[in-house]
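Chemist: 3D model of this:
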Amino acid sequence: MRELEQHTVFLREHIMLPEGIALAGETICEGWVVLQSGDAPWLDKTIRGRGWNSNVLTRMYWRSGYANHAQDAIRRATQLALRKVNKRFNAAEIGHVVVAKHLWFYFARVGIFYRYIQESPFLGSSDELSTPPVSMTFEARHEHT
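Modeler: Below is the predicted model:
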């Protein structure tokens, strides 16, 4: 299996991709496949070259894992992170990896970016896009922060 590192891409098992793109991958956990060749910049270029869009959320979601080998610890942390990806996102990318050795085991923290690959340039369903914006006062916006 491919070593997991920064910019490694994961796709949902039954992801819809542009015509003419066939990607090879291996299952990493239930519902997710790790892209065997290429990384996030390559996938973005390929997707956009076909007229589709590949959006990345800027917030990173962290999970941790430990094991006897560094790659196994990274893999465990990645699996935990992928299980938390919202169903509306059909891809993910490793944004950051930190590994530390403690006595006889490795501890890894993995940061995952959620991704969405689609034909439309808008993130969200047509129902969400047609909902009129709700006006808020300045005070109401800052009550929740």
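Chemist: Report the beta-bridge partners for the residue positioned nearest the centre of the chain.
Modeler: Centre of the chain computed as the mean C-alpha position; nearest residue by CA atoms, centre = their mean is Ala92, 1.4 Å away. Ala92 has the following beta-bridge partners by DSSP bridges: Phe10, Tyr114.
Chemist: do Met60 as well
Modeler: Beta-bridge partners recorded for Met60 (DSSP bridges): Phe113.
Chemist: thinking again about what came up before, residues in contact with the residue nearest to the centre of the chain?
Modeler: Ala92 makes contact with 9-10, 32, 81-82, 85, 112-115, according to CB atoms under 8 Å, 6 or more residues apart in numbering. Every C-beta, even on glycine, is put in place using the N, C-alpha and C of the backbone.
Chemist: What of Leu17?
Modeler: Counted by CB under 8 Å, 6+ apart, Leu17 has contacts 23, 47, 52, 117.
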